[in-house]
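Student: need a 3D model of the following:
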Amino acid sequence: MKKEKVLEIEIKKINDEYSVFYPTKLNIKELEKAGYTVTEFDVLDEVKKPAINFYFNNKNDFTILLNDTSLNVPFIIENIYIEELKRTVDEYNEKYRILKRWRAEEGEIYYSIAGVDVIKIDSENLVELDNRRYELGNYFQKKEEAQKIIDSKEWQDFWAKVRSGEIGND
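Tutor: Numbers count the residues shown, from 1 in each chain. Purely as a prediction, here's the structure:
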């Protein structure tokens, strides 16, 4: 599986001393999983929004506050920090990349499991059923991938726990 970056930035030089950078991609959930502190801060009309304190070096020389509204918002930075910023973002992405799951384009086929052992061929129509299968993980690019799940002991154990009431019987 391909891995997807969780933070991407674009940097534009302003002059010999300063540049501007801004996040072009930001995955808040992965930042939170990585242990960055979620805090709240006041914005217009006293609406509270989640934010992340994200430090770009061990000395905490500078901090930027990122949240889901930080995409494409410029931050000024001294040019002497640019290489450190790039290196840190690269290191961060290397450490916290997430697996990018495959999803069929509209009209393409994918496989799903019906019941406990039937592999179905389905067409991606961007409808709720396709979304549910994808979110559940019952969505495969190849028939062999679905067959591995059917053949796995984990799959059988899961359904045995459901039948015995260990799962879903609160």
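
Student: low-confidence ranges in this structure?
Tutor: In the predicted model, the chain carries pLDDT under 70 at residues 1-2, 28-73, 170.

Student: now do the helices in it.
Tutor: Using DSSP state H, the helices of the chain run over residues 28-33, 82-96, 128-136, 143-151, 153-164.

Student: nearest to I119, out of these?
Tutor: Closest to I119 of the helices of the chain is helix 143-151 (Cβ to Cβ; 4.7 Å). (C-beta placed from N, C-alpha, C; glycine too.)

Student: buried set for that closest one?
Tutor: A146 (16 or more other Cβ atoms under 10 Å).

Student: repeat that for stretch 153-165.
Tutor: So, applying 16+ other Cβ under 10 Å, stretch 153-165 has no buried residues.

Student: show residues contacting that stretch.
Tutor: With Cβ atoms under 8 Å, 6 or more residues apart in numbering as the test, stretch 153-165 has contacts from 116, 149, 167-168.

Student: one more: stretch 106-126?
Tutor: In contact with stretch 106-126 (Cβ under 8 Å, 6+ apart) are residues 103-105, 130, 133, 138-143, 145-147, 149-150, 155, 159.
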